[in-house]
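Q: here is a sequence with its predicted model. Questions after.
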Amino acid sequence: MRRGRPDPWYARASTGAALDPVLPEPSLAGPLEPGSTGPAAPATGHPNRLRQSLRITADLGGELFAGARRGEAFSFASLLDPKPVVLTRHPEHVRSLFAAPPDVAPSLAGESPVRPILGLSVLTAVGDQHRRRRKLMMPSFHGDAIARYRAEIETATRRHLDRWTTGTPFPLAATTQAITLDVIMSGVFGIDHRAAPEEARLRHVVRQTLRLSVGPLAQLAELLNLDREESVGPQRWIVARLDTAMYAVIAARRAAHEPGARHDILGLLLDVRDEDGAPLSDLELRNELLTLVLAGHETTANSIAWTFERLLRTPAADDRLRDVVRSGEDPDGYLEATITESMRVRPVVPLIGRRVRVPWRLGEVVVPPDSRLLVGILLLHHRDDIYPDPFRFAPERFLGRKPGAHEWLPFGGGTRRCLGAALAMEELRIVVPEIVRRADLVVDDPAPERPVHRNVTMIPGRGGRVRAVALRR
């Protein structure tokens, strides 16, 4: 069997010496008095904003690891801002940002490249608007709601794995996207996979959109829409198709809605009234629902695909997880450790950020006010002072140990921590072992898959391509 080579693709972009820590004192991180100045973060990359943005779009991981050779914090030119964008990889710097009030260091989500697609929603709103929307959506992701989703996750996983055949390579992400789309459509619209015509059309358009989003045209469209609130160019056509499908679903449900009769997310949102007693508008519903459908399934699907991309190229870990799952005995929590490790080495969202409104100290560096300050999640996850031999896929590093709140950030952190984190983890805990239980998988190419940057996410370049050599029903 072709088990693959374990070396991560990122190892080409860095050496152990390149990421040696240069630890500042914890007290040297956080906001400073207005007017404070200090040394700037060392610059990396190409000084031309367009060229550097193109390089980041083409090879985000390579550019990040190259920048990390300059120190704990570094800056680079970007079309996103006339000022240099500063990036940090230090946990104490992260702690200072997460603890800051939103008015001092608001999230960059409001300036995200997905804003022209999603509009103003719980993902892209900041400050009071974000708090209000998060409070509105929270009941759909608490413990009781997750328990209701569990049956759909199990059913969808079995249904899609039953379609697998042996011998032919296929992208695992295609299956995991189908599973997680079924789950989120069930949670959002209260439907099963046998959708009504409006939901079936929306599902079809979402799948088409995801396929289009990995091509060269999508990267050009992303650059054209940087720092915009509304889409232009090819992206505008894609958004128009999504809107047509989504508004048809909203109209059909409004016409048939009975207050309090349904417990799916759309049903709950249709019951919501603002302080003046007015319901949410179609635009508000569209933004929240589209955010949940796109962000709520695609990131989880790629986390599962990355798990197997790494696992199948690490024979010892693959063998141990298979033994644990098929024996039904996991006293050490190896499944959980495997999921945690895969999200460490391949975080689907590799960067998050804030716009600091005041000067901000990062060790010896001072970031000017009104600058973009990014947290390099990918770099933080590869610090060898926190994770020895960080480029090695080693689930055992998390046996008997939970990662620190500012050291493991696949879901972000602070008040902006991903609303759907609990649902995503539940999906991983069900889908990953079910695949291991049902299938013997191998890779069709032993070389690691190159990560591809898509909007704010990082996905397997070939979709986590695998081949089933044996199946169990």
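A: Thanks, I have it.
Q: all helices for the stretch 251-400 of the chain, in order.
A: With DSSP state H, counting those that start in this stretch as the criterion, the stretch 251-400 of the chain has helices at 265-271, 282-311, 315-327, 334-345, 377-380.
Q: equivalent analysis for the stretch 101-250 of the chain, please.
A: Using DSSP H, counting those that start in this stretch, the helices found in the stretch 101-250 of the chain span residues 115-118, 127-137, 143-161, 172-189, 197-212, 216-224, 234-256.
Q: I'd like the ones you listed laid out as JSON lines, including mean pLDDT, distance to P446 and mean neighbour count.
A: All C-beta atoms are positioned from the backbone trio N, CA, C, and that covers glycine. Shown next, in JSON lines, are those (pLDDT from 0 to 100; distance: least, CB to CB, whole Å; neighbours: other CB atoms under 10 Å):
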{"stretch": "helix 115-118", "mean pLDDT": "86", "distance to P446": "36", "mean neighbour count": "22"}
{"stretch": "helix 127-137", "mean pLDDT": "89", "distance to P446": "43", "mean neighbour count": "15"}
{"stretch": "helix 143-161", "mean pLDDT": "89", "distance to P446": "24", "mean neighbour count": "16"}
{"stretch": "helix 172-189", "mean pLDDT": "90", "distance to P446": "16", "mean neighbour count": "25"}
{"stretch": "helix 197-212", "mean pLDDT": "83", "distance to P446": "26", "mean neighbour count": "17"}
{"stretch": "helix 216-224", "mean pLDDT": "67", "distance to P446": "27", "mean neighbour count": "16"}
{"stretch": "helix 234-256", "mean pLDDT": "89", "distance to P446": "35", "mean neighbour count": "16"}
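Q: do you know which of the helices of the stretch 251-400 of the chain lies nearest Q208?
A: For Q208, the closest of the helices of the stretch 251-400 of the chain is helix 282-311, at 12.4 Å, according to CB to CB.
Q: tell me the mean pLDDT for the closest one?
A: Averaging pLDDT along helix 282-311 yields 92.
Q: how big is the angle separating that helix from helix 334-345?
A: Following axes from the mean of the first three to the mean of the last three CA atoms, to 10 degrees, one obtains 110 degrees for the angle between helix 282-311 and helix 334-345.
Q: closest to S342 out of the helices of the stretch 101-250 of the chain?
A: With CB to CB as the measure, helix 172-189 is the member of the helices of the stretch 101-250 of the chain nearest S342 (12.6 Å).
Q: how much space separates E199 from V239?
A: In this structure, E199 and V239 are 19 Å apart, going by CB to CB, to the nearest Å.
Q: picking up where we left off before, will you turn the helices of the stretch 251-400 of the chain into a markdown table that also has mean neighbour count?
A: Converted to a markdown table, the helices of the stretch 251-400 of the chain look like this (neighbours: other CB atoms under 10 Å):
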| stretch | mean neighbour count |
| --- | --- |
| helix 265-271 | 19 |
| helix 282-311 | 24 |
| helix 315-327 | 16 |
| helix 334-345 | 23 |
| helix 377-380 | 25 |
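Q: ok, which of the ones you listed comes nearest S140?
A: helix 265-271 (4.7 Å).
Q: and the helices of the stretch 101-250 of the chain: which comes nearest L471?
A: Ranking the helices of the stretch 101-250 of the chain by their distance to L471 (criterion: CB to CB) puts helix 143-161 first, at 8.2 Å.
Q: who does the closest one touch, helix- and strand-wise?
A: When contacts are defined as 3 or more CB pairs under 8 Å, 6 or more residues apart in numbering; DSSP states H and E, helix 143-161 packs onto helix 172-189, helix 421-438.
Q: alpha carbons of the last one, as PDB, please.
A: Provided in PDB are the C-alpha atoms of helix 421-438 (Å, rounded to 0.1, in the frame of the first residue of the first chain):
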ATOM      1  CA  ALA A 421     -16.800  25.300  17.300                       C
ATOM      2  CA  ALA A 422     -18.800  22.700  19.300                       C
ATOM      3  CA  LEU A 423     -20.700  21.500  16.200                       C
ATOM      4  CA  ALA A 424     -17.500  21.300  14.200                       C
ATOM      5  CA  MET A 425     -15.800  19.200  16.900                       C
ATOM      6  CA  GLU A 426     -18.900  16.900  17.200                       C
ATOM      7  CA  GLU A 427     -18.800  16.300  13.400                       C
ATOM      8  CA  LEU A 428     -15.100  15.500  13.600                       C
ATOM      9  CA  ARG A 429     -15.600  13.100  16.500                       C
ATOM     10  CA  ILE A 430     -18.300  11.200  14.500                       C
ATOM     11  CA  VAL A 431     -17.100  11.400  10.900                       C
ATOM     12  CA  VAL A 432     -13.400  10.600  11.400                       C
ATOM     13  CA  PRO A 433     -13.800   7.300  13.400                       C
ATOM     14  CA  GLU A 434     -16.700   6.200  11.100                       C
ATOM     15  CA  ILE A 435     -14.400   6.600   8.000                       C
ATOM     16  CA  VAL A 436     -11.600   4.700   9.900                       C
ATOM     17  CA  ARG A 437     -14.100   2.000  10.900                       C
ATOM     18  CA  ARG A 438     -15.600   1.500   7.400                       C
END
